[in-house]
Each structure stands twice: as C-alpha cells, then as structure tokens.
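Asker: Provide a 3D model corresponding to the input given below.
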Amino acid sequence: MVEMLYAAEAIRELLADPDILGTDLVVKGEKALEGVGVIEAPRGTLIHHYKVDEHDEVVKANLIVSTTTTTPP
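Answerer: Here you go, the predicted structure:
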C-alpha cells in the first residue's frame with residue numbers, strides 16, 4: 001500500500017509538470033551525431049551505441065547485449 005500511495009503521489013506531481021504538459025514538441029539545440037543508451041533488462045544490461053552522418057544515415061552501430069541461449073533447429 002505504501003508503494004501504491006507513493007506512485008499515486010508521483011503521478012499527481014507529473015500531471016502538474018509544465019514540461020510534460022507543454023506544447024513544445026521539438027527540442028532545439030545542436031544535433032548530436034552520436035548517442036549511447038544503457039538500460040538494465042531482465043537478462044542483463046543492454047548497451048546501444050550509434051553514430052550517424054550528416055544525412056542521418058547510421059554509419060556505426062555497436063550493441064552489447066546479455067547472453068542469450070538459442071534452440072537448435
């Protein structure tokens with residue numbers, strides 16, 4: 001119940017957040033040609049690293065994924 005109350009209070013705060021309710025759909029700033037994402041998943045940490053060129057085409061993709069098992073055909 002404590003976690004449910006915490007979640008409800010957090011939702012109430014988020015619903016009043018002007019950044020979430022704003023009308024700006026595009027972030028202005030310098031375009032990044034490289035990006036990295038890291039997330040913890042059920043089978044381990046996933047890391048994605050991408051580079052794009054000036055035409056927004058992916059020129060490098062490096063993915064580090066957790067160990068998975070495969071079933072033989």
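
Asker: helices and strands of this protein: which one bottoms out on pLDDT?
Answerer: helix 18-21 (a mean of 83; mean pLDDT, DSSP states H and E).

Asker: distance-wise, check residue 5 relative to residue 17.
Answerer: To residue 17, residue 5 is 19 Å away according to C-beta to C-beta, to the nearest Å. Where you see a C-beta, it was placed from the backbone N, CA and C, and this is true even at glycine.

Asker: could you do residue 51 as well?
Answerer: Counting by C-beta to C-beta, the gap from residue 51 to residue 17 is 33 Å.

Asker: cool, residue 60 as well?
Answerer: Residue 60 is 35 Å from residue 17, by C-beta to C-beta.

Asker: again, but for residue 49
Answerer: Here residue 49 is placed at a distance of 30 Å from residue 17 (C-beta to C-beta).

Asker: who has more neighbours, the two?
Answerer: Taking neighbours as other C-beta atoms under 10 Å, residue 49 and residue 17 compare with residue 49 leading, 14 against 9.
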